[in-house]
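A.B. asks: what follows is a predicted structure for the sequence shown.
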Amino acid sequence: MQALAPIALFVYNRPKHTERTIKFLQQNLLAPDSRLYIFSDGPKNNSDEEQVNEVRNFIKTVDGFKSVKVIESKTNKGLANSVIEGVTQLNNNYGQVIVFEDDLVSSPHTLTYFNEALNRYRNEEKVMHIGAYMYHLKEPNLPESFFYRAATSWGWATWQSAWQHFEPNIDKLIAQFDRQKINEFAIEGTMNFWKQMQDFKKGKNNSWAIRWYASIFLRGGLTLNPSQSLVNNIGHDGTGVHSGINDIYNVIINPKPITQFPTEITENKEAYQAIKAFLANRKGSFWDRVKRYLKQRFS
């Protein structure tokens, strides 16, 4: 086996979330043999400073890994710039990287899955991204892992050979889409991926993830995913940069290791249909949406 991929963990101003994320990472079977790099962004304003300092005091005490290095930014780079810079740095140094943000709880087998997949598909140019999160899919007969077109950002990994194709310029990306590609990119209109692209251009979001997915998609790349999620996002409580209060995407983490990986480098049609069905129905009935809106409005 190649040397284990380093872990990049991006943190900001959520001490409780950060503590939980690291606690679960420490319980991973490969944690003692993995290098952890914690990138701490600087405060946007005075009101954030206390919590940023609380996070920084905690991360200086973290152990349980082969090594822990904390990188503190004096200025506020924002999540997108922090991720892009950190992922680029570790890819340049190690040729591969595993990426976490400060609101993800993981399985004890998540790092094992990442490293096995990174080693298995290292020389497959079409495979560009390893994802650990998956929606709660109703299709019971999916394989343990499969290839799919879209990239999830809640726990992921990649190689320098793939990351070098990341295109941050939104205009260059948008120029390569036609109507058919937009439809395919948006999973036949069931997910707002194209709107996220347009919103980025308008300055309404600052997502690195939508540009990374677009970069993969436009190269005809694929992402590897588990059929049952190996992480869960605990940031849907109104504290995240891009997350409101929402339980649509909550999942039960797979307690078992992934032992089966696809040998054919092609998108799994059954998985694609299962994901499309989930996305098309994820918001539930009219009354489900009303209740969710009221919960967000008055929380």
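C.D. replies: That came through, no problem. Everything numeric here is computed off the predicted structure, so don't read it as measured data.
A.B. asks: and after whichever strand or helix holds Glu49, which helix or strand comes next?
C.D. replies: Per DSSP states H and E, Glu49 falls inside helix 46-59. As assigned by DSSP H and E, the chain's next helix or strand after helix 46-59 is strand 67-72.
A.B. asks: what does that next one rub up against?
C.D. replies: Strand 67-72 has contacts (Cβ atoms under 8 Å, 6 or more residues apart in numbering) with 35-40, 42, 56, 59-60, 62, 86. To be clear about C-beta, it is placed using only N, CA and C from the backbone, and glycine gets the same treatment.
A.B. asks: and those, which two are the farthest apart?
C.D. replies: The span of those, defined through Cβ to Cβ, is set by Arg35 and Gly42 at 23.2 Å.
A.B. asks: okay, the helix holding Glu49 in CSV with CA atoms only?
C.D. replies: What follows is helix 46-59, C-alpha atoms only, in CSV (Å, rounded to 0.1, in the frame of the first residue of the first chain):
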residue,chain,number,x,y,z
ASN,A,46,-14.6,41.1,16.1
SER,A,47,-17.7,39.1,16.9
ASP,A,48,-16.1,36.0,15.4
GLU,A,49,-12.8,36.4,17.1
GLU,A,50,-13.7,34.8,20.5
GLN,A,51,-15.0,31.6,18.9
VAL,A,52,-12.1,31.4,16.4
ASN,A,53,-9.7,31.6,19.4
GLU,A,54,-11.7,29.0,21.2
VAL,A,55,-11.4,26.7,18.2
ARG,A,56,-7.6,27.4,18.0
ASN,A,57,-7.0,26.7,21.7
PHE,A,58,-8.7,23.3,21.2
ILE,A,59,-7.0,22.2,18.0
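A.B. asks: and the contacts of strand 67-72, which are buried?
C.D. replies: Buried members of the contacts of strand 67-72, counted by 16 or more other Cβ atoms under 10 Å: 35-40, 42, 56, 59, 62, 86.
A.B. asks: a markdown table for these, including distance to Val127?
C.D. replies: Shown next, in a markdown table, are the buried ones among the contacts of strand 67-72 (distance: Cβ to Cβ, whole Å):
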| residue | distance to Val127 |
| --- | --- |
| Arg35 | 23 |
| Leu36 | 25 |
| Tyr37 | 24 |
| Ile38 | 27 |
| Phe39 | 25 |
| Ser40 | 31 |
| Gly42 | 35 |
| Arg56 | 36 |
| Ile59 | 32 |
| Val62 | 31 |
| Gly86 | 22 |
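A.B. asks: for Asn254, state which of these is nearest.
C.D. replies: For the buried ones among the contacts of strand 67-72, the nearest to Asn254 is Leu36 (22.6 Å; Cβ to Cβ).
A.B. asks: how close does the closest residue to that closest one other than its chain neighbours get to Gln160?
C.D. replies: Nearest non-adjacent residue to Leu36, counting by Cβ to Cβ, 6 or more residues apart in numbering: Phe65, 4.3 Å away. Taking Cβ to Cβ, to the nearest Å as the criterion, Phe65 is separated from Gln160 by 22 Å.
A.B. asks: now Phe114
C.D. replies: 15 Å.
A.B. asks: neighbour count for those two, which is higher?
C.D. replies: Per other Cβ atoms under 10 Å, whichever of Phe114 and Gln160 has more neighbours is Phe114, with 31 against 16.
A.B. asks: Val97 is in contact with the more buried one, correct?
C.D. replies: No: the criterion here is Cβ atoms under 8 Å, and Phe114 misses it with Val97 at 9.6 Å.
A.B. asks: select the longest helix from this protein.
C.D. replies: Ranked by residue count, the top helix of the chain under DSSP state H comes out as helix 79-94.
A.B. asks: shared neighbours of Phe114 and Val97, which are they?
C.D. replies: Joint contacts of Phe114 and Val97 (Cβ under 8 Å, 6+ apart) are 5, 157.
A.B. asks: confidence score at the spatially closest residue to Gly131 that is not a sequence neighbour?
C.D. replies: Nearest in space to Gly131, with sequence neighbours left out and distances taken as Cβ to Cβ, 6+ apart, is Thr152 at 4.0 Å. Looking at Thr152, its pLDDT is 96.
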